[in-house]
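>>> for reference, the sequence and a predicted model appear below.
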Number of protein chains: 2
Amino acid sequence: GRKVLIVYAHQEPKSFNGSLKNVAVEELSKQGCSVTVSDLYAMQFEPRATRNDIVGCLHNPEQFNYSVETWEAYKRGGLSSDLVEEQKKVQEADLLIFQFPMYWFSMPAIMKGWVDRVLVQGFAHEFPDCYDSGLLKNKLGLFSFTTGAPREMYTKESIDGDIRYLLWPMQHGIMHFCGVKVLAPHICFAPESVSEEQRKEMLTAWAQRLKTLWKEEPINCSSEWYFK
Amino acid sequence: GRKVLIVYAHQEPKSFNGSLKNVAVEELSKQGCSVTVSDLYAMQFEPRATRNDIVGCLHNPEQFNYSVETWEAYKRGGLSSDLVEEQKKVQEADLLIFQFPMYWFSMPAIMKGWVDRVLVQGFAHEFPDCYDSGLLKNKLGLFSFTTGAPREMYTKESIDGDIRYLLWPMQHGIMHFCGVKVLAPHICFAPESVSEEQRKEMLTAWAQRLKTLWKEEPINCSSEWYFK
């Protein structure tokens, strides 16, 4: 059975994001996948990148450099236990799903903190092993999120711009950088502005997509996909 | 005298980002500006958007909706004191400077948390008062940041793409959305990979730019600036 990690960021279990997460757990489990959820708010996950992420002495206590210190700590097995725990989940996963409401053209800070703190050098990338040779190659990644504004607001011509513009830092700058192959995003536009009936259809569509997810080809994650 | 708020995210006072922040405080103060710094790590600023941001009863305790609850709380004066404090600083400022090291094609989570929590509906935007009519119009905004990779990595043709691609969610999706007029970003490329001499030149260049900053015209913050 394949392994899936869902990194989930919503405060409210009864939210539409919560339902999308539940649908994924249910459908993927039904397929025989083993599904793990990192429910970031419920875990009170720490988003701040600080000295507390390193156990024991610092490599250079005179001048704290977060990326150097976490890289060194990773190599000697000295990262804090919450990070080690998340890295284990990532390591075992064949697929990473990020489920969140879009906040300010991006992911909520609590999820950005997961990225900042978990995907450390040595674990997720190691120059020159980045992009196609990133250390998380052979894994798949998928961003599943909700927006406040409707679909027609996210076109090249509208003020919010093409939805793909804002996917660049997340899909390319994070996932592709670590070698993860990116599946097409799953976007539920403005669920709060539609009828209960339409919300149910959105949940069904997500369940349907998941049924054949493993047959999907990753996108060609280069600048053409985003900006051409 | 003009008022400037520097939102600053680095753990280490002796870092290059710390020096850039100090240069700005010094130069702007010399001009007679009143400068306030929100030193996010030193403040242990909370990045997580939770129920704790609302004092007293919720608008809908049955199903927690962060944006609705903070909007309602703002209107009745019921936001937590750390947010009220930051909003006061924003309200008084003529210019917002964001000083940070780039983390994953974006700002560090602690700064994203400042954006997620401080710029609430009713305070920073209120439909249809967004973009050019956003509630923070008549303010200027500037992103000043450092990168790990050198300048030549951030071109249209290179794998990291044009540096402007990753500015879209921050400059357009956050600042422009709130009506803030965006000044050209100030980017110090790969300060950790250059000589001490070159780092000093970068600090001098920043001080120089600040001398005539108030005469600068904002960029034309539309998709053409980023993607054409």
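Sure, I can see it.
>>> does the residue positioned nearest the centre of chain A belong to a helix, a strand or coil?
Nearest to the mean C-alpha position of chain A, counting by CA atoms, centre = their mean, stands A:Phe98 at 3.5 Å. With DSSP: H, G, I helix; E, B strand; the rest coil as the basis, A:Phe98 sits in strand.
>>> list the contacts for it?
A:6-7, A:9, A:107, A:111, A:141-145, A:170 (CB atoms under 8 Å, 6 or more residues apart in numbering or on different chains). All C-beta atoms are positioned from the backbone trio N, CA, C, and that covers glycine.
>>> in ChimeraX, select just the buried ones from those residues.
Entered in ChimeraX, the line below selects the buried ones among the contacts of A:Phe98, by 16 or more other CB atoms under 10 Å in any protein chain shown:
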select /A:6,7,9,107,111,141,142,143,144,145,170
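>>> select from the contacts of A:Phe98 every entry located in strands.
Among the contacts of A:Phe98, the residues falling in strands (DSSP state E) are A:6-7, A:141-145.
>>> am I right that A:Tyr165 falls within a helix?
Yes. Assessed by three-state DSSP, A:Tyr165 belongs to a helix.
>>> run a quick neighbour tally on the residue lying closest to it once chain neighbours are set aside.
Leaving aside its chain neighbours, A:Tyr165 sits nearest to B:Trp168 (5.2 Å; criterion: CB to CB, 6 or more residues apart in numbering or on different chains). Using other CB atoms under 10 Å in any protein chain shown, B:Trp168 has 23 neighbouring residues.
>>> for A:Ser158, same thing?
Residues near A:Ser158, counting by other CB under 10 Å, number 12.
>>> assign it to helix, strand or coil.
coil.
>>> residues in contact with it?
Neighbour list for A:Ser158: A:Glu152 [criterion: CB under 8 Å, 6+ apart].
>>> coming back round to it: kindly indicate which of the ones in strands among the contacts of A:Phe98 lies nearest A:Gln121.
A:Gly141 (18.4 Å; CB to CB).
>>> right, and that closest one touches A:Val182 too?
Yes. With contact defined as CB atoms under 8 Å, A:Gly141 counts as touching A:Val182 (5.4 Å).
>>> picking that back up, for the residue nearest to the centre of chain A, give its distance to A:Asp116.
For A:Phe98, the distance to A:Asp116 equals 14 Å [CB to CB, to the nearest Å].
>>> how about a markdown table for the contacts of A:Phe98, with distance to A:Gln87 added?
Supplementary listing: these in a markdown table, determined by distance: CB to CB, whole Å:
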| residue | distance to A:Gln87 |
| --- | --- |
| A:Ile6 | 16 |
| A:Val7 | 12 |
| A:Ala9 | 18 |
| A:Met107 | 19 |
| A:Met111 | 16 |
| A:Gly141 | 15 |
| A:Leu142 | 19 |
| A:Phe143 | 20 |
| A:Ser144 | 22 |
| A:Phe145 | 23 |
| A:Met170 | 19 |
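>>> out of the contacts of A:Phe98, which touch chain B?
Among the contacts of A:Phe98, the ones lying near chain B by CB under 8 Å from any CB of the partner chain are A:Met170.
>>> quick one: contacts for the spatially most distant residue from the centre of chain A?
What lies farthest from the middle of chain A is A:Glu62; by CA atoms, centre = their mean that is 33.7 Å. Counting by CB under 8 Å, 6+ apart, A:Glu62 touches B:Lys14.
>>> if we can go back for a sec, got phi/psi on the residue nearest to A:Tyr165?
Note on B:Trp168: backbone dihedrals following degrees, to the nearest 10 are phi -50, psi -50.
>>> do the same with the one 10 residues further on
Phi and psi for B:Cys178, reported as degrees, to the nearest 10, are phi -90, psi 0.
>>> go on, the one 4 residues further on?
Backbone dihedrals for B:Val182, given as degrees, to the nearest 10, come out at phi -100, psi 120.
>>> what about it, distance to B:Leu142?
Distance from B:Val182 to B:Leu142, by CB to CB: 7 Å.
>>> one more: A:Gly134?
From A:Gly134 across to B:Leu142, the span is 32 Å (CB to CB).
>>> for A:Arg151, which non-adjacent residue is closest in space?
Using CB to CB, 6+ apart and skipping residues adjacent in sequence, the residue nearest A:Arg151 is A:Phe189, 4.2 Å away.
>>> next, count neighbours for that neighbour.
There are 19 residues near A:Phe189, going by other CB under 10 Å.
>>> now the helices for chain A?
Ranges of helices within chain A are A:16-30, A:66-75, A:81-92, A:109-118, A:163-167, A:196-211, A:223-227, based on DSSP state H.
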